[in-house]
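1. A structural model of the following input is requested.
(chains A and B)
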Amino acid sequence: MISVTLPDGSVNEYASGITAGEIVIDIEGRKHDCVAALVDGEQKDFSAPLDSDCSVEGISVFTDEGIYILRHSAAHLLAQAVTSIYPNAKPTIGPAIDRGFYYDFADLEDFGESELKAVQKKMHEFSRRNLAVERVECSESELNELFSSNPYKIEIINDKLEAGEGSTIYRQGEWYDLCLGPHVHSTAKLMHVRLTSVSSAFWRGDQSREQLTRIYGIVEPNKDTLKATMSAIEEAKKRDHRKLGKDLQLFHVDEDVGQGLILWTPRGAIIRSCLQDFISEHLTRQGYHQVYTPHIGKLDLYRKSGHFPYYQDSQYPPLVEKDMMARLANEGCSCGELSNMMAEGDIEGYMLKPMNCPHHIKIYSSQARSYRDLPLRLAEFGTVYRWEQSGEISGLTRVRGFTQDDAHLFVTEDQIANEVLGCIELVQVIFEALGMNDYRVRVGLRDPDSTKYVGDSGKWDLAEEACRAAASSLGVNWSEEPGEAAFYGPKIDFVVKDVIGREWQLGTVQVDYNLPERFELQYKGSDGEMHRPVMIHRAPFGSMERFCGVLIEHFAGRFPTWLAPTQVHVLTISEKQVEYGQEITSKLKAAGIRADLDDGDDTIGKKIRMHRKFQPAYMLILGDDETDNNTVSIRARNGDQRAGVPYDAFIDELLEEINSKRATPTLVPPKEE
RNA sequence: GCCACCAUGGCUUAGCGGUAUAGCACCUCAUUGGUAAUGAGGAGGUCGCGAGUUCAAUUCUCGCUGGUGGCUCCA
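-> I've put the predicted structure just below:
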């Protein structure tokens, strides 16, 4: 007999050799929702036999651990289905991920979305057959034998296992895979599975290795959760900023202009400029100076900053004077030679700026500086250009030309902590005003074992401590990430998720010892000696493009009144109200409110339908009642109404709402009942 | 950059080896209508671009451009 401690703390006696699954049934009953067991804190299959005293509890499929086991098992089922249809395909790896699972296959060429259906059908078939999933211990030689036709598995065996060490496989029906488990005990648990997409991946994430075919899928415990997940995916697609950007006419990307180059259309430009105004107010309050610098600079400048030629691949090619180009061409200079000569500094040219810092540095050094000038905070909405890989460009979130809400702070060493804190506060103010609470903070620290960092370690300790202190003052989740610092200093990054779960780095605050060194920046200290300032780079939004993209999805296009491209749409019921409508609209505009008038001859139902797509904060409906009494009828986005409001009262309330930058429109109180 | 898929009037979309649907938007006329589509008529496309195959290509092939999903990258 063995003594087993149950989750409620009680201890039961069982016959030695009982399986973990049998105990889970004993605890949870036959109708439990568990996929595996936790034995002494370790995940085990239901089939695991127990022969000594231990604690046991079930792992519910509705926990993070449980759903991961389900997904992992679904990945196995996928590989079983694929290999049964395509016997030549070689499974490589197939893990569970946050949103489902995938499996990578070698030798599965020409496999596209249209092939998914047959595979999914096969998975359902295997699931319906209720195949037992068995764990089998194997010796090294058995493993080599079993996977002899799959070099990828052999590579894993050779890499992960010590010589002479065995491992386990999981078998379901005829099929088996190298795996540590645990897994669900039967394929029947995997009925609610859907394959979602096909893409490619490199073996072990290495671009120089084989290209594999990756199949993605989702799996859910039951029909209802599957349905919920599928509709959540649909909902997310509706919020996609690329779709909303088109529907709401916020921005346009034109292939004749170029990939990843954003054309801000009038409605989107309003959002951007409101945000910029908002930031500018804070800049003034915090003692920043706004500056303007050009979009290009000499190659030499970027040689000095270290951007060229080191980051050449992610920059637009340099601009070279045309007479020089002609001369070189006449001399038979090849592109490769040209590139070398530019790298060596034999040819001067200009570059689209990939960062604003060199320009700001030149503003710093345009005058002799003393400690009394510090901290000197230079801010600019500076547009930079980077040659992102073509496959990576997407909507507003990954582009080739973007405007950073950039600033560089030139500070003394003992000002670092305070100034970093000031930067963080700005980020927080902005995120709070926009109701963006779902972000995480990464503090990038240096890797203690690496020597790639500039600056002495005492300074680094202070700067890292300043970053830590600043991050913890935020009151949100933050993590230290050793090795994630830039080579020139520690940093704090703000990361948010978009609707399809992709994470985007937005704001960043970085301490930099490197550039002041490279540019030999100086200031005269109170001691009369020359000292080197430290720079802080910071961009609370990151880039206007990316931030607006995330913001569109955050609000699902329903912007707060202060940001809405049009705040009020005035709709007349019949032509009797045209004059009144025009009067109201011009009064709104005179008050600085963004208003739009529709005095056409559509019915009011039609007008509401048409104007809804632009998501104004409010629509005003004007009929005889309103005209006769100098009032307006307010319609909120959700259809709620508030009739008989005197229009000057409406304007006052609206202005109050705009000026307070409320995150949600509140002029129409929700209906009672 | 790599793999797969995709590209038809402003938007959504049908279709096919013989120059093309429909809805919405737009314009005109009628209608003067109270909170998610009033009716009728009209205009608008060399089917992303460039080659090739063919008597004939929007439809087949190749290249390019752009997009989507991923991978890789991201100072």
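2. Find the nearest non-adjacent residue to A:Cys34, please.
-> Residue nearest to A:Cys34 in three dimensions, not counting chain neighbours: A:Gly58, with 3.4 Å by CB to CB, 6 or more residues apart in numbering. All C-beta spots, glycine's among them, are computed from the backbone N, C-alpha and C.
3. contacts for the lowest-mean-pLDDT helix or strand in chain A?
-> Using mean pLDDT, DSSP states H and E, the weakest-scoring helix or strand in chain A turns out to be helix A:335-344, at a mean of 81. With contacts defined as CB atoms under 8 Å, 6 or more residues apart in numbering, helix A:335-344 is touched by A:299, A:308-309, A:312, A:318, A:320, A:328, A:333, A:347, A:349.
4. Is it in proximity to RNA strand B?
-> No: judged by CB under 7 Å from any atom of the strand, helix A:335-344 makes no contact with RNA strand B; its nearest approach is 14.5 Å.
5. who touches the following helix or strand past that helix?
-> If you walk from helix A:335-344 toward the C-terminus, the next helix or strand you reach (DSSP states H and E) is strand A:350-352. Strand A:350-352 is contacted from outside by A:295-299, A:302, A:307-308, A:315-316, A:318-320, A:384-385, using CB under 8 Å, 6+ apart.
6. and RNA strand B, which of these reach it?
-> Okay, of the contacts of strand A:350-352 touching RNA strand B (CB under 7 Å from any atom of the strand), that's A:307, A:315.
7. Of all pairs in the contacts of strand A:350-352, which one is the farthest apart?
-> Farthest pair in the contacts of strand A:350-352 (CB to CB) is A:Val320 and A:Val384. Separation: 20.2 Å.
8. Please point out which parts of the least confident helix or strand of chain A sit buried.
-> By 16 or more other CB atoms under 10 Å, the buried positions in helix A:335-344 come out as A:338, A:342-343.
9. for chain A, what are the low-confidence residue spans?
-> A:498-501, A:672-673 (pLDDT under 70).
10. what about the closest residue to RNA strand B within the stretch 1-150 of chain A, neighbour count?
-> Of the residues in the stretch 1-150 of chain A, the one nearest RNA strand B is A:Gly112, at a distance of 3.2 Å by CB to the nearest atom of the strand. For A:Gly112, the count of nearby residues is 8 (other CB atoms under 10 Å).
11. which of the contacts of strand A:350-352 count as buried?
-> Here, 16+ other CB under 10 Å leaves A:296-297, A:299, A:302, A:307-308, A:315-316, A:318, A:320, A:384-385 buried among the contacts of strand A:350-352.
12. could those residues go into CSV alongside secondary structure?
-> Below are these laid out as CSV (DSSP: H, G, I helix; E, B strand; the rest coil):
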residue, secondary structure
A:Ile296, strand
A:Gly297, strand
A:Leu299, helix
A:Tyr302, helix
A:His307, coil
A:Phe308, coil
A:Gln315, coil
A:Tyr316, coil
A:Pro318, coil
A:Val320, coil
A:Val384, strand
A:Tyr385, strand
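13. so which of those residues comes closest to A:Trp460?
-> A:His307 (22.6 Å).
14. what does the stretch 201-350 of chain A have sitting close to RNA strand B?
-> Residues of the stretch 201-350 of chain A lying near RNA strand B (CB under 7 Å from any atom of the strand): A:201-202, A:205-207, A:211, A:213-214, A:216, A:240, A:242, A:246, A:253, A:255, A:258-260, A:307, A:311, A:314-315.
15. switch the cut-off to 6 Å
-> Taking CB under 6 Å from any atom of the strand as the contact definition, the stretch 201-350 of chain A meets RNA strand B at A:201-202, A:205, A:207, A:211, A:214, A:242, A:253, A:255, A:258-259, A:307, A:311, A:314-315.
16. Write the ChimeraX selection for whichever of those residues are buried.
-> The buried residues among those can be selected in ChimeraX (16+ other CB under 10 Å) with this line:
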select /A:201,214,242,253,307,315
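17. Show only the entries of the residues of the stretch 201-350 of chain A next to RNA strand B found in helices.
-> A:Arg242 (DSSP state H).
18. Can you name the two of the residues of the stretch 201-350 of chain A next to RNA strand B that sit furthest apart?
-> Using CB to CB, these span at most 34.4 Å, a distance reached by A:Arg214 and A:His307.
19. looking at this, A:Leu655 is in a helix?
-> Yes: counting by three-state DSSP, A:Leu655 falls inside a helix.
20. neighbours of the residue nearest to it when sequence neighbours are not counted, just the number please.
-> With sequence-adjacent residues excluded and distances taken as CB to CB, 6+ apart, A:Leu655 is closest to A:Ala591, at 6.4 Å. The number of residues packed near A:Ala591 is 14, by other CB under 10 Å.
21. that's a strand at A:Glu137, yeah?
-> Yes: judged by three-state DSSP, A:Glu137 forms part of a strand.
22. Please give the number of neighbouring residues around it.
-> 9.
23. unless I'm mixing things up, it is touching A:Gly166, no?
-> Yes: because the distance of 6.4 Å satisfies CB atoms under 8 Å, A:Glu137 is recorded as touching A:Gly166.
24. Not counting its neighbours along the chain, what's nearest A:Glu13?
-> A:Met1 (4.9 Å).
25. same question, A:Ala463
-> A:Val511 (4.4 Å).
26. one step back: for the residue nearest to A:Glu13, give me its contacts.
-> Contacts for A:Met1 (CB under 8 Å, 6+ apart) come out as A:13-16.
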